[in-house]
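Asks: What follows is a predicted protein model with its sequence.
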Amino acid sequence: MTLDQRYQEILNYLYYEIGHFNVKLGLENITELLRRWGNPQNRFWSVHVAGTNGKGSVCATTQALLTAAGYRVGMLTSPHLVDFRERIRIGNQLISKADVVRWIERLRPDVDDIGATFFETLTALAYLYFAENKVDYAVIEVGLGGRLDATRLINPAVTVITNIALDHQRLLGDTVEKIAYEKAGIIKPSIPVITAATQPEVLEVICGVAAEVEAPVIPVQRAATWDNISLMPTGTQFDYHRNNHHLEHLQFALLGEHQVINAVTALLAVEHLPKLNLTETTIRKGLQETQWHGRLHRIQRDPWIVTDGAHNPAGMMTLITSLPHIFTYERLIWVFGVLKGKRYEEMMAQMEPIAAEIICTQAESERAVDWQLLTEDVSQLVALPVVGASRVAEAIQIALAKATPQDLICIAGSLYMVGETLAYFNQTPEQLLSNSNILTP
């Protein structure tokens with residue numbers, strides 16, 4: 001059997017035997033699984049990142065800054081866009097197929113015995129891989145919530161809570177206060193907490209949890225300021241001020257004004273790591289080399305094609321606000337697909353004022369809203385031309401046929417939509433990490 005065949009067998013095991021969408025919040029399984037393997041999470045420093053939106057961008061920026069400082073840095077994020085291996089990387093190198101096969105084959109007896117979930121198995125795989133490769137730091141993105149998330153057993157040097165908005169209410173609670181409490185579950189005794197949350201009721205919850213374990217809370221907006229923001233299709237420029245430290249004309253690879261607060265959040269997180277001094281050269285290099293795909297991700301121009309993982313009203317509002325400030329276009333053609341349980345009625349209300357027409361479709365996921373049902377609903381919700389397509393590839397083809405070189409096609413609604421879009425344009429994970437997809441000004 002070839003390596004590719006063995007790798008596919010492992011993916012089938014993870015996705016279908018264990019069950020990709022089998023969510024079980026709780027720490028019993030992961031505690032036992034990691035115990036059996038010697039608690040590898042205790043063999044490296046970590047940065048733990050929770051929040052509703054912006055987690056991935058903060059993780060990627062933190063990793064880039066630490067890598068620019070000369071450290072060997074692992075990163076665990078989810079979900080992936082095209083290939084499972086995107087979830088686990090060291091620097092710009094994805095975990096190899098051989099390492100996925102080797103470790104899952106070794107873990108499998110314990111996974112089956114314990115009844116570990118997909119995400120618990122992924123988490124154990126990442127920790128073992130990072131420990132084996134002797135990373136200096138690992139940047140760990142929470143899977144869901146925080147308090148009962150499988151990633152919680154790490155001992156971070158700093159924790160981050162990006163922001164809090166309504167999402168996953170069925171599992172995390174139906175108010176921002178309840179969701180904040182779940183996210184704040186990653187806070188550890190005496191470990192600094194960096195947060196970009198601004199709502200007073202959310203900060204009260206985070207500070208309350210932190211006070212119980214004597215963890216200092218550093219609100220981003222109080223610790224630093226930023227201004228002179230310039231938005232371009234090739235990146236974002238801004239000035240950064242903290243105490244008496246002023247850095248002008250920082251070039252950040254990620255697009256959108258909302259990414260500036262993610263960059264500043266990552267900077268503050270790294271600045272609060274013990275025994276680490278960031279130089280101006282390191283900061284500039286790290287921000288310029290940050291890679292986080294599928295967020296305002298430019299695929300081509302004439303017409304512009306942009307894809308984004310916005311999947312809740314807060315994320316969609318950020319995307320909709322960003323597009324006209326970054327790109328120049330005549331008409332906006334929206335390719336939209338969404339997962340069940342997402343509040344797409346609100347997203348439609350946000351989308352309608354700036355879109356010329358909407359093409360509804362369905363990603364290849366059992367959780368996706370049926371394209372015909374979505375087309376029907378959206379036709380009732382907006383006073384715009386609406387058509388349907390059974391697959392993302394078909395929807396892209398329809399959009400391209402409708403667009404002129406002066407238009408913009410935006411493909412959004414879920415990260416599954418992003419993944420299928422990148423696959424349609426033959427953008428592999430290796431190509432993405434090599435920067436081969438980045439457009440020149």
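Replies: Sure thing, it's come through. Residues are numbered from 1 along each chain as shown.

Asks: use CA for all of it now, contacts and neighbours both
Replies: Noted.

Asks: I'd like to know how many residues surround Val101.
Replies: By the measure other CA atoms under 10 Å, the count of residues near Val101 is 19.

Asks: Could you say which helix or strand holds the nearest residue to it once chain neighbours are set aside?
Replies: Distances taken as CA to CA, 6 or more residues apart in numbering place Tyr7 nearest to Val101, at 5.7 Å, with adjacent residues excluded. For Tyr7, the host element (DSSP states H and E) is helix 3-12.

Asks: Over to Tyr240?
Replies: With DSSP H and E as the criterion, Tyr240 is inside strand 235-242.

Asks: average model confidence for that strand?
Replies: When pLDDT is averaged over strand 235-242, the result is 96.

Asks: I'd like the distance between the closest residue in space to Ala126 that isn't next to it in sequence and Leu319.
Replies: For Ala126, ignoring the flanking residues on the chain, the nearest one in space by CA to CA, 6+ apart is Ile88 at 6.2 Å. With distances taken as CA to CA, to the nearest Å, Ile88 is found 26 Å from Leu319.

Asks: Between those two, point out the one with more neighbours.
Replies: Ranked by neighbour count (other CA under 10 Å), Ile88 and Leu319 place Ile88 first, with 26 against 22.

Asks: From Phe130, how far off is that one?
Replies: 9 Å.

Asks: check contacts around the residue nearest to Val101.
Replies: Lys97, Ala98, Val100, Val101 (CA atoms under 8 Å, 6 or more residues apart in numbering).

Asks: who's in contact with the first one?
Replies: Which is Lys97. Shown in contact with Lys97 (CA under 8 Å, 6+ apart): Leu3, Asp4, Tyr7, Arg85.

Asks: Hmm, Phe44 and Pro156 touching each other?
Replies: No: with contacts counted by CA atoms under 8 Å, Pro156 stays clear of Phe44, the gap being 9.0 Å.

Asks: The two: who's more crowded?
Replies: Neighbour count, other CA under 10 Å: between Pro156 and Phe44, Pro156 has more, with 26 against 20.

Asks: Three-state assignment for the residue nearest to that one when sequence neighbours are not counted, please.
Replies: Setting aside the residues directly before and after it, Pro156 is nearest to Ser46 in space (CA to CA, 6+ apart), at 4.6 Å. With DSSP: H, G, I helix; E, B strand; the rest coil as the basis, Ser46 sits in strand.

Asks: per-residue pLDDT, Ser46?
Replies: Here, the pLDDT recorded for Ser46 equals 97.

Asks: Look up how far Asn133 lies from it.
Replies: Here Ser46 is placed at a distance of 14 Å from Asn133 (CA to CA).

Asks: again with Tyr344
Replies: Going from Tyr344 to Asn133 by CA to CA gives 42 Å.

Asks: Past whatever helix or strand Glu201 lives in, which element shows up next along the chain?
Replies: In this structure, Glu201 sits in helix 200-212 according to DSSP H and E. Next along the chain after helix 200-212, taking DSSP H and E as the criterion, comes strand 217-219.

Asks: what mean pLDDT would you report for the helix or strand just after that next one?
Replies: On the C-terminal side of strand 217-219, the nearest following helix or strand under DSSP H and E is helix 220-223. Averaging pLDDT along helix 220-223 yields 95.

Asks: residue nearest the centroid of the chain?
Replies: The geometric centre of the chain, computed from its C-alpha atoms, lies nearest to Gly56 (CA atoms, centre = their mean), at 2.9 Å.

Asks: Could you list which residues are in contact with it?
Replies: Thr77, Glu141, Trp292.

Asks: closest to Ala180 among these?
Replies: Glu141 (15.9 Å; CA to CA).

Asks: for the chain, where's the lowest mean pLDDT among helices and strands?
Replies: Between all helices and strands in the chain, the lowest mean by mean pLDDT, DSSP states H and E belongs to helix 169-172, at a mean of 60.
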